[in-house]
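Asks: give me a 3D structure for the following:
(one chain, ligands or ions: 1)
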Amino acid sequence: MILSNPETSLSPSGESFPLPVKADYNNELKRIEELVRQARSEHKEIVVVMGLGFVGAVMAAIVADTKDAAGKNTKFVIGCQRPSPRSFWKIPLINRGEAPVKAEDPEVDILIKRCVLDDKTLVATYNSDCLQFADCVVVDVQCDFAKKELGNMKSGEADMAALEDTMRTIGEKIQPNCLVLIETTVAPGTTEFVAWPILKKAFANRGINEIPLLAHSFERVMPGKQYVASIRDFWRVCSGCETVARARVEKFLHEVLNTKDFPLTVMDRPIESETTKIVENSYRATILAYLNEWSLFAERNGVDLIKVINAIKMRPTHSNMIFPGPGIGGYCLPKDGGLGYWALNY
Ligand SMILES: NC(=O)c1ccc[n+]([C@@H]2O[C@H](COP(=O)([O-])OP(=O)(O)OC[C@H]3O[C@@H](n4cnc5c(N)ncnc54)[C@H](O)[C@@H]3O)[C@@H](O)[C@H]2O)c1
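Replies: You can find the predicted model right below:
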């Protein structure tokens, strides 16, 4: 087992990066400010992506790759990642033009390298003071579900500490007319009843009278062979807390995603788009679990389940029945139903 020094962050390939210290923050902000000044002089919109994980790192590159009809880059993206020993290494890797996520899709490496080194439309930082420069902030941090007992999802709780921290930081630093877009999968109601009040309170503390512009649009990314396309060339759902945020998020997503071929669904309230994500994933988890149960039955009783499914699929109404896999896995499917159940009581 490799024990990492708490003052450093170890990348998956074993490269060690010293964590920034207090004295580094000022120079880092100056570096970002200079890049923003240059981007503004080129009339680029400044977008900050909070959280450079599986979703945020690739979403940041897709936004940074946005071009107008004349083929000119229109966005400058600052990927902001907290400098924890577990995740800080993602920042120097991105700044070298290297993807912090390993993917089967070759476009991930190509896209990040092009945006960072050639087009210079993507940079990563640990200094969240960069939020003051943002026209738009995209939130891609995690929101977990903490299960208390094995086999009992009902006693578990949504763990949204990272999201709440991030919203507080955003509220303390953004300009009043900045659009904040939550992409994190959240328990239905979180955007309007948890995140929005945090932003409003932070604005009130700063003496800002404007209503924070908050929107929600969940990710459907699949980090496999079609990693980039599953974000850029895929159907999106979005919503805003009020009409201005709704119009702004619609415009933003039309600019950065291929909504011409994959139309955008705009919903009235964030609770609708949040619920869409949870129903979509819990539906998937349910049919996977259902077929997994029948595969156990088939194994014990010598039944060829594939033959059974093929016989059922002859009915047009059941033609999209899935084949059983080894069970429910990944990060999202096991937790998202729990987030939905938790929201029922809160
Ligand atoms: N991974 C997927 O395939 C997938 C698919 C669809 C939706 N989602 C959803 O997208 C969200 C993000 O998922 P992920 O897989 O990218 O998670 P992840 O854990 O890989 O990434 C989250 C990142 O956010 C960073 N972070 C946390 N707090 C921060 C803060 N205050 N400031 C800056 N950075 C901060 C973390 O350090 C981490 O690098 C989750 O809600 C997830 O359910 C994920």
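Asks: show me where the stretch 1-150 of the chain has strands.
Replies: Taking DSSP state E, counting those that start in this stretch as the criterion, the stretch 1-150 of the chain carries its strands at 8-10, 16-18, 45-50, 75-80, 122-125, 136-139, 144-146.
Asks: what's the most buried one of the ones you listed?
Replies: strand 75-80 (a mean of 28; mean count of other C-beta atoms under 10 Å). C-betas here are computed from N, CA, C, even on glycine.
Asks: mind jotting down where the strands sit in the stretch 201-346 of the chain?
Replies: Going by DSSP E, counting those that start in this stretch, the stretch 201-346 of the chain shows strands at 213-216, 236-240, 264-266.
Asks: ok, back up a step: now distance to the ligand too, for the strands of the stretch 1-150 of the chain, in CSV please.
Replies: Output for the strands of the stretch 1-150 of the chain, formatted as CSV (distance: least, C-beta to the nearest ligand atom, whole Å):
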stretch, distance to the ligand
strand 8-10, 10
strand 16-18, 14
strand 45-50, 5
strand 75-80, 5
strand 122-125, 10
strand 136-139, 9
strand 144-146, 8
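Asks: to residue 95, which of the ones you listed lies closest?
Replies: strand 122-125 (5.4 Å; C-beta to C-beta).
Asks: distance of residue 201 from residue 297?
Replies: Distance, residue 201 to residue 297, using C-beta to C-beta, to the nearest Å: 53 Å.
Asks: now residue 74: how far from residue 326?
Replies: According to C-beta to C-beta, residue 74 and residue 326 sit 44 Å apart.
Asks: same thing with residue 68?
Replies: 46 Å.
Asks: show me the shaky parts of this structure.
Replies: 1-6 (pLDDT under 70).
Asks: would you map out the domains in it?
Replies: 8-277, 280-345 (automatic domain parsing).
Asks: from the ones you listed, which stretch is densest packed?
Replies: Highest mean neighbour count among these (mean count of other C-beta under 10 Å): domain 8-277, a mean of 19.
Asks: can you give me the end-to-end span of that one?
Replies: One end of domain 8-277 to the other measures 36 Å (C-alpha to C-alpha, to the nearest Å).
Asks: now stretch 255-270
Replies: By C-alpha to C-alpha, the extent of stretch 255-270 from end to end equals 20 Å.
Asks: contacts for it next, please.
Replies: Residues outside stretch 255-270 that contact it (C-beta atoms under 8 Å, 6 or more residues apart in numbering) are 62-63, 66, 74-75, 182, 191-192, 214-216, 231-241, 246, 250, 253-254, 273, 276.
Asks: which SSE is residue 162 in?
Replies: Assigned by DSSP states H and E, residue 162 falls within helix 161-173.
Asks: show me what the following helix or strand past that helix is packed up against.
Replies: Per DSSP H and E, helix 161-173 leads on to strand 179-182 as the next helix or strand towards the C-terminus. Here strand 179-182 touches strand 136-139, helix 161-173, strand 213-216, helix 243-256, going by 3 or more C-beta pairs under 8 Å, 6 or more residues apart in numbering; DSSP states H and E.
Asks: export those as TSV, with columns for distance to residue 117.
Replies: Conversion of the helices and strands packed on strand 179-182 to TSV gives the following (distance: least, C-beta to C-beta, whole Å):
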stretch	distance to residue 117
strand 136-139	22
helix 161-173	28
strand 213-216	31
helix 243-256	20
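Asks: looking at the ones you listed, which is nearest to residue 304?
Replies: Closest approach to residue 304 among the helices and strands packed on strand 179-182 (C-beta to C-beta): strand 213-216, 44.6 Å.
Asks: hey, C-alpha coordinates of the closest one in PDB?
Replies: The C-alpha coordinates for strand 213-216 follow below in PDB (Å, rounded to 0.1, in the frame of the first residue of the first chain):
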ATOM      1  CA  LEU A 213     -29.700  33.300 -11.100                       C
ATOM      2  CA  LEU A 214     -29.900  29.500 -10.400                       C
ATOM      3  CA  ALA A 215     -30.600  26.700 -12.800                       C
ATOM      4  CA  HIS A 216     -30.500  22.900 -12.900                       C
END
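Asks: tell me if that strand is near the ligand.
Replies: No: residues of strand 213-216 are not located near the ligand by C-beta under 6 Å from any ligand atom, the shortest gap being 11.5 Å.
Asks: just give the strands next to that strand in its sheet, each with its orientation.
Replies: Strand 213-216 has these partner strands in its sheet, going by DSSP bridges: strand 179-182 (parallel), strand 236-240 (antiparallel).
Asks: follow-up on the earlier one: want to try a markdown table for the strands of the stretch 1-150 of the chain, with distance to residue 316 as columns?
Replies: A markdown table is the format used below for the strands of the stretch 1-150 of the chain (distance: least, C-beta to C-beta, whole Å):
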| stretch | distance to residue 316 |
| --- | --- |
| strand 8-10 | 54 |
| strand 16-18 | 56 |
| strand 45-50 | 44 |
| strand 75-80 | 45 |
| strand 122-125 | 47 |
| strand 136-139 | 41 |
| strand 144-146 | 37 |
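Asks: many thanks, we can stop here.
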